[in-house]
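Chemist: My questions concern the predicted model and sequence given below.
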There are 2 protein chains.
Amino acid sequence: MTKTVYGVGVGPGDPGLLTMRAVEVLGLVDVIATPAARWDLGSLALEIARPHLPPACAVEKLELPMTEDRETLARAWDDAALRLADHARAGRSAAFITLGDSTLYSTWSYIAASLARLAADVPLETVPGVTAMAACAVAAGEPLAVGREPLLIWPASPPADADRLLDLAPNVVFMKAGRHLAGLASLVEGGECSATAVRRAGQSAAAITHDLREWVDDRDYFTTVLVRRDEGKGGRT
Amino acid sequence: MTKTVYGVGVGPGDPGLLTMRAVEVLGLVDVIATPAARWDLGSLALEIARPHLPPACAVEKLELPMTEDRETLARAWDDAALRLADHARAGRSAAFITLGDSTLYSTWSYIAASLARLAADVPLETVPGVTAMAACAVAAGEPLAVGREPLLIWPASPPADADRLLDLAPNVVFMKAGRHLAGLASLVEGGECSATAVRRAGQSAAAITHDLREWVDDRDYFTTVLVRRDEGKGGRT
């Protein structure tokens, strides 16, 4: 009988932020899948999942290259999907684990799309998780957004005219911002907003600063910057 | 000894999407706090929390009026904060519960700000949760965003020129959109984007449609619309 392939968001890093459904799924799967590249770096997602896995659970390291080449990526996602489908069709349930939320900037989305296209007979379940940015907000001691304020999440390099983003949305989350702190510091020094940088929120090495220039040389990949437009320009509602 | 006041996000509605930390906190508190207005409607957050509460846990119904008046609201948040602080100072830990994530569009953010201002001696802990929009994405079978695509979350009435939002961010989540489905349907019929409406995701009465006009007359408050710009105008990265 064909089993299910799960895409499980394990939350931002704090093991307590796993959901009950995630714990339940991790406790029943025969195979746990995680990208090989991140495995070599010591997979944080796997560390979070491990205490909940059955003793006999196999680890499947998926080759998901860190490249920008679309064709290479598309082939890697398809290959990963087919490996997971093979497990499911052989009666082995499998969980692909992802940090944060499996519906937001997760490799799971690509693999799920490949599975739907190439292995429509295999049942899928996406288990959402707590986002990394929620852990950043907790660390910063401020909300991501309140009331009727739009929130913009910006996972790429900030544009040169980043102030126009704040005209649209009084709250902007810049993800993977470690290489862009000088530009964001200039934005804040422009005077119409404030910012908090959070590093590795929800992990044991978490840190925050309100002075972005402090971290300019660190270029830490897991740095998130929460920018909020000042009250005078719109304010909290 | 002064106890802690917790702000606990209980997730989008599915009891399995509670985090382990939320379950732990709910299991130890002396007081559970929830808005009185929503209590009368049958508090979904309380239903999710209830199986985890200690038998002797007291329910504190907070008067948080459904109004737009800023002064009335500010007074209600301060009053709620002071009631929770009174419990904590009397040695009773208290949890304010909120659907979804306690860092995103949650009344907890206002109460936490009042507590920090009026009762700085009382320890606070914010327990983030799975967002309602993540449950919408799961129900819709599509991600909120992938790769380097910005994501815009719009909790207010959509602007007349909503297409400009899609120029900035290829993914827009319109929350509480039940009254705005006709306008959003026109946006989709403009031809450069597609949309999925999701109602009460993560709850037992969840439903989705790709034809927004189907629900125009329902005006359901808990309707979320996920709009995605078509591939031709930028596409998934």
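Modeler: Yep, it's here.
Chemist: In contact with the spatially most central residue of chain A, which residues?
Modeler: Most central in chain A under Cα atoms, centre = their mean is A:G100, positioned 4.4 Å from the mean C-alpha point. With contacts taken as Cβ atoms under 8 Å, 6 or more residues apart in numbering or on different chains, A:G100 has the following neighbours: A:9, A:11-12, A:106, A:129-132. The C-beta positions use only the backbone N, C-alpha and C, and glycine is treated the same way.
Chemist: and chain B, which of the residues you listed contact it?
Modeler: Subset of the contacts of A:G100 in contact with chain B: A:9, A:11, A:106, A:129-131, counting by Cβ under 8 Å from any Cβ of the partner chain.
Chemist: about what we covered before: which one of the contacts of A:G100 has the most neighbours?
Modeler: Of all the contacts of A:G100, the highest neighbour tally under other Cβ atoms under 10 Å in any protein chain shown goes to A:V130, namely 36 neighbours.
Chemist: How much space separates the nearest residue to the residue nearest to the centre of chain A once chain neighbours are set aside from chain B?
Modeler: The shortest distance from A:G100 to any residue other than its chain neighbours is 4.3 Å, reached at A:A132 (Cβ to Cβ, 6 or more residues apart in numbering or on different chains). Look at A:A132 and chain B: by Cβ to the nearest Cβ, to the nearest Å, they are 10 Å apart.
Chemist: show me where pLDDT drops low in chain A?
Modeler: In the predicted model, chain A carries pLDDT under 70 at residues A:37-42, A:232-237.
Chemist: the helices in it, which residues?
Modeler: Assigned by DSSP state H, the helices in chain A fall at A:20-26, A:36-40, A:44-49, A:70-89, A:107-118, A:132-140, A:163-168, A:181-189.
Chemist: okay if I get the ones next to chain B among the contacts of A:G100 as TSV plus distance to B:R228?
Modeler: Compiled in TSV, those are given as follows (distance: Cβ to Cβ, whole Å):
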residue	distance to B:R228
A:G9	20
A:G11	25
A:S106	16
A:G129	22
A:V130	24
A:T131	19
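Chemist: Closest one of those to chain B?
Modeler: Relative to chain B, the closest of the ones next to chain B among the contacts of A:G100 is A:V130; by Cβ to the nearest Cβ it sits at 5.1 Å.
Chemist: didn't A:Y6 look like it was pressed against A:T98?
Modeler: No: assessed by Cβ atoms under 8 Å, A:Y6 is found out of contact with A:T98, at 10.6 Å.
Chemist: Could you export stretch A:161-177 as PDB, CA atoms only?
Modeler: Below are the C-alpha coordinates for stretch A:161-177, written out as PDB (Å, rounded to 0.1, in the frame of the first residue of the first chain):
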ATOM      1  CA  ASP A 161      15.100  52.700  -3.100                       C
ATOM      2  CA  ALA A 162      14.000  50.600  -0.200                       C
ATOM      3  CA  ASP A 163      12.200  53.600   1.300                       C
ATOM      4  CA  ARG A 164       9.400  53.100  -1.200                       C
ATOM      5  CA  LEU A 165       8.700  49.700   0.300                       C
ATOM      6  CA  LEU A 166       7.900  51.500   3.600                       C
ATOM      7  CA  ASP A 167       5.500  53.900   1.800                       C
ATOM      8  CA  LEU A 168       3.400  50.800   1.000                       C
ATOM      9  CA  ALA A 169       3.800  48.700   4.100                       C
ATOM     10  CA  PRO A 170       4.800  50.200   7.500                       C
ATOM     11  CA  ASN A 171       6.400  46.900   8.500                       C
ATOM     12  CA  VAL A 172       9.000  45.200   6.300                       C
ATOM     13  CA  VAL A 173      10.900  42.000   7.200                       C
ATOM     14  CA  PHE A 174      14.200  41.700   5.300                       C
ATOM     15  CA  MET A 175      15.200  38.000   5.400                       C
ATOM     16  CA  LYS A 176      18.800  36.700   4.800                       C
ATOM     17  CA  ALA A 177      19.900  40.300   5.300                       C
END
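Chemist: Buried residues, that stretch. List them.
Modeler: A:162, A:165-166, A:168-177 (16 or more other Cβ atoms under 10 Å in any protein chain shown).
Chemist: before we move on, what about stretch A:60-78?
Modeler: Residues of stretch A:60-78 classed as buried under the neighbour-count rule (16+ other Cβ under 10 Å) are A:60-62, A:64, A:73, A:76-78.
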